[in-house]
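S.K.: Got a sequence here, can you model it:
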Amino acid sequence: MTNDQLANDSKKNPWDITPKERAIFSIIVMTGAFMAILDTTVVDVIVPKLTGPLATDMYGVQWIITSYMVAAAIALLITEYLIKRFGAKGVFLAGVALFTVASLACGLSSTLAEIVIFRVIQGTGEALIMVTSHIMIFSYFPPEKQGLAMGLYGLGVSFAPALGPTIGGYLTEYYNWRMVFFINVPVGALLVTAGMVFLPRERFFEKLRFNFISFILLSMGTVSLLVMLSRGQQYGWFNSSLIGLLLLVSIAGFGLYALSEMWSKYRLIDFSLFRNPLFANGMMIYFFILGFSMYQYFYLLPVYYEHVKQLPTLEAGIAVFAFAVFIGIFSPVAGMLSDKIGAKRTVALATLVYLVASFWLLPRLNYYTPLHQAMLLTVPFGIGMGLFFAPVTVMVLQNAPGHKGELAIVLMDYFRFVGGSFGTALATNNMEYFKNLHFLRMEELQNVEYLDWFLHKLQTLSGMTMEQVRVLFGNYETFMGYNYGFYNTFMHAAYWGLVGSLFVLLLFRGRSRINKGEGS
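M.R.: As a prediction, this is how the structure comes out:
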């Protein structure tokens, strides 16, 4: 290639490619993102089944999830530097390779310690994949079609976690838990090969100074916070000295990080991005609506189908698939709407649909709801989720400077991890609290004399001892407390969506500065 050809090539925009190249590049990076994020909810399904094979208890196997989440959150903080230094293609392929090798190692693990170590490596790979795939697919489309790009990407990012319970249930039902990890290996190997052959190579890299002190301090704060949120319910929250210590370490880590950034010439994160109100509000919408609210439903709906409706794992996954289909259908629709009517209006529409579903439809789910009706009630939730991701991402990226796109994606994924951790912790805590509350209310309202007559009648008819009858009735009361507690838990998840909607309203306050392609 001549010098003139190199010069002309370097001046080309990344979206100056043929439709065939755009399709090939997009399929490669979307498949990588889909594989990585699917693994999070697929593994959630198999975790309860690993206590026997790994010779541990439920609290032990929870570290399989916690270690992955913590590793991914920390790896996010270094991803921008790696992309600037080595290019998005190199980092993407390294992330896929790490994820694939770690998946194989997880499938071969025979102890809890082994699988936790390999899940840390897998989580690191996931972080590299998610940031690079996000920024790469955005760059393959011209500005007027970037909404469609994020709609296609959102199809994978939003659809994958909802599809996870179905795939996890099928693999564990008809094969075994190791297949959940092994299935990533051929896909990952094919992706690395295809990426090396087809993905375009970047020509310009930056030699940046990396602020290791800020990185270590922010990592310390993040790790402590995430472990505290994931373990709080187990240890009784602030009744435990360990949880209190984790909170103090988290506050100290974030505080010292802030001081380090103030005194340093080379900052880890450029917070000047938040001076743009559209960028700042977009991040808060992502944090509260997706993290604090939607993630609660992602956690709660499979639990509802398995523990309240008493469905087997595979059937529960199929029930979840009912709304997952609509996430997949409406993600590209949201992208096209963002290009036509603007990202802000599409975000407002998505929020409205989501609030209707979360306040008026999902709280109707209980033990007595017929399965087909329960599945139909979740469909508007899927539509709202499908409409949500693309416009928020477009708005955030179009209101970040071009050279800060990687940082914007890192911040979005970081907010997703932290917000989602808060959301899951809130759902777990609320579910336990309201289950106990309704149990106590039932105890208070009982007619003691009638109950005693009923239990003796049950003993006579069943032939059981009185102790067995009381245990049976106590289990029934606990189950019904669990059933009625879901209403309150669903409503509290909806309240966080309402908090996030306040930032949606702020998008329309006055005449906000509108950047390229952003509709009013």
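S.K.: list the contacts for residue 328?
M.R.: Residues near residue 328 by CB atoms under 8 Å, 6 or more residues apart in numbering: 155, 158, 159, 386. (C-beta placed from N, C-alpha, C; glycine too.)
S.K.: what is the mean pLDDT for the helix or strand hosting it?
M.R.: For residue 328, the enclosing helix or strand under DSSP states H and E is helix 313-341. Helix 313-341 comes out with an average pLDDT of 86.
S.K.: Could you check how far residue 343 is from residue 282?
M.R.: 8 Å (CB to CB, to the nearest Å).
S.K.: Now for these two: what residues contact both?
M.R.: Counting by CB under 8 Å, 6+ apart, the residues touching both residue 343 and residue 282 are 392, 395.
S.K.: Pick out whichever of those two has more residues nearby.
M.R.: Each of residue 343 and residue 282 has its neighbours counted (other CB atoms under 10 Å); residue 343 has more, 32 against 29.
S.K.: my read: that one touches residue 395, true?
M.R.: Yes - using CB atoms under 8 Å, residue 343 is in contact with residue 395, at 4.1 Å.
S.K.: which ones are touching residue 367?
M.R.: In this structure, residue 367 makes contact with 308, 309, 479, 480, 483, judged by CB under 8 Å, 6+ apart.
S.K.: now it: how far from residue 487?
M.R.: Between residue 367 and residue 487 the computed distance is 11 Å (CB to CB).
S.K.: Report the residue ranges of every domain in this structure.
M.R.: With domains defined by automatic domain parsing, the chain comprises 12-209, 211-267, 270-520.
S.K.: circling back: list the buried residues of the helix holding residue 328.
M.R.: 313-324, 326-328, 330-335, 337-339, 341 (16 or more other CB atoms under 10 Å).
S.K.: which residues touch whichever helix or strand comes after it?
M.R.: Per DSSP H and E, helix 313-341 leads on to helix 343-356 as the next helix or strand towards the C-terminus. Under the criterion CB under 8 Å, 6+ apart, residues 147, 278, 282, 285, 289, 293-294, 334, 337-338, 380-381, 383-385, 387-388, 390-392, 394-395, 398, 494, 497-498, 500-501, 504, 507-508, 518-520 lie in contact with helix 343-356.
S.K.: and helix 343-356, which residues are buried?
M.R.: 343-351, 353-356.
S.K.: for stretch 356-374, same thing?
M.R.: 356, 357, 358, 361, 362, 363, 365, 366, 369, 374.
S.K.: which one among those gets closest to residue 176?
M.R.: Using CB to CB, residue 374 comes nearest to residue 176 of the buried residues of stretch 356-374, at 29.4 Å.
S.K.: And the pLDDT at the closest one?
M.R.: Predicted confidence (pLDDT) for residue 374: 95.
S.K.: With residue 502 as the reference, measure out to the spatially closest residue to it that is not a sequence neighbour.
M.R.: Distance criterion CB to CB, 6 or more residues apart in numbering; nearest residue to residue 374, sequence neighbours excluded, is residue 365 at 5.4 Å. Distance of residue 365 to residue 502, given as CB to CB: 26 Å.
S.K.: just residue 23 next, same as before
M.R.: For residue 23, the distance to residue 502 - CB to CB - is 39 Å.
S.K.: try residue 453
M.R.: 53 Å.
S.K.: Stretch 172-192 spans what distance, first to last residue?
M.R.: For stretch 172-192, the first-to-last residue distance is 27 Å (CA to CA, to the nearest Å).
S.K.: Touching it from outside, list them.
M.R.: So stretch 172-192 is in contact with 28, 31-32, 35, 39, 42-43, 45-46, 49-50, 53, 93, 96-97, 99-100, 103-104, 106-108, 168, 171, 312-314, going by CB under 8 Å, 6+ apart.
S.K.: Of the residues you listed, just the buried ones, ChimeraX syntax please.
M.R.: Of these, the buried ones go into a single ChimeraX selection, burial set by 16+ other CB under 10 Å:
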select :28,31,32,35,39,42,43,45,46,50,53,93,96,97,99,100,103,104,106,107,168,171,313,314
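S.K.: Could you measure from the residue lying closest to residue 167 once chain neighbours are set aside over to residue 420?
M.R.: Once flanking residues are discounted, residue 167 sits nearest to residue 42: 5.5 Å by CB to CB, 6+ apart. Distance of residue 42 to residue 420, given as CB to CB: 16 Å.
S.K.: Residue 247: what's it in contact with?
M.R.: Counting by CB under 8 Å, 6+ apart, residue 247 touches 224, 228, 238.
S.K.: Export these as a markdown table, with columns for neighbour count and pLDDT.
M.R.: Below are these laid out as a markdown table (neighbours: other CB atoms under 10 Å; pLDDT from 0 to 100):
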| residue | neighbour count | pLDDT |
| --- | --- | --- |
| 224 | 21 | 89 |
| 228 | 23 | 86 |
| 238 | 11 | 79 |
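S.K.: I'd like to know how far the residue of the chain positioned farthest from its centre sits from residue 476.
M.R.: For the chain, the residue at maximal distance from the C-alpha centroid (CA atoms, centre = their mean) is residue 460, at 51.4 Å. Using CB to CB, residue 460 is found at 18 Å from residue 476.
S.K.: ok, which stretches of the stretch 401-520 of the chain are helices?
M.R.: Counting by DSSP state H, counting those that start in this stretch, the stretch 401-520 of the chain has helices at residues 405-445, 448-462, 466-506.
S.K.: winner for burial among these?
M.R.: Greatest average neighbour count among the helices of the stretch 401-520 of the chain goes to helix 405-445 (a mean of 20), per mean count of other CB atoms under 10 Å.
S.K.: My read is that residue 249 contacts residue 224, right?
M.R.: Yes - between residue 249 and residue 224 there is a contact under CB under 8 Å: 4.2 Å.
S.K.: so where's the chain shaky on pLDDT?
M.R.: Counting by pLDDT under 70, the chain shows low-confidence ranges at 1-12, 48, 57-59, 203-208, 510-520.
S.K.: circling back to that earlier point, and of the contacts of residue 328, the nearest to residue 69?
M.R.: Nearest to residue 69 among those is residue 158, at 18.4 Å by CB to CB.
S.K.: how much does the helix or strand harbouring that closest one deviate in direction from helix 313-341?
M.R.: Residue 158 belongs to helix 146-174 when assigned by DSSP H and E. Per axes from the mean of the first three to the mean of the last three CA atoms, to 10 degrees, the angle that helix 146-174 makes with helix 313-341 is 180 degrees.
S.K.: Mind listing what's buried along helix 146-174?
M.R.: Buried residues in helix 146-174, counted by 16+ other CB under 10 Å: 146-172.
S.K.: Tell me the first helix or strand C-terminal of that helix.
M.R.: The helix or strand immediately downstream of helix 146-174 is helix 179-182, counting by DSSP H and E.
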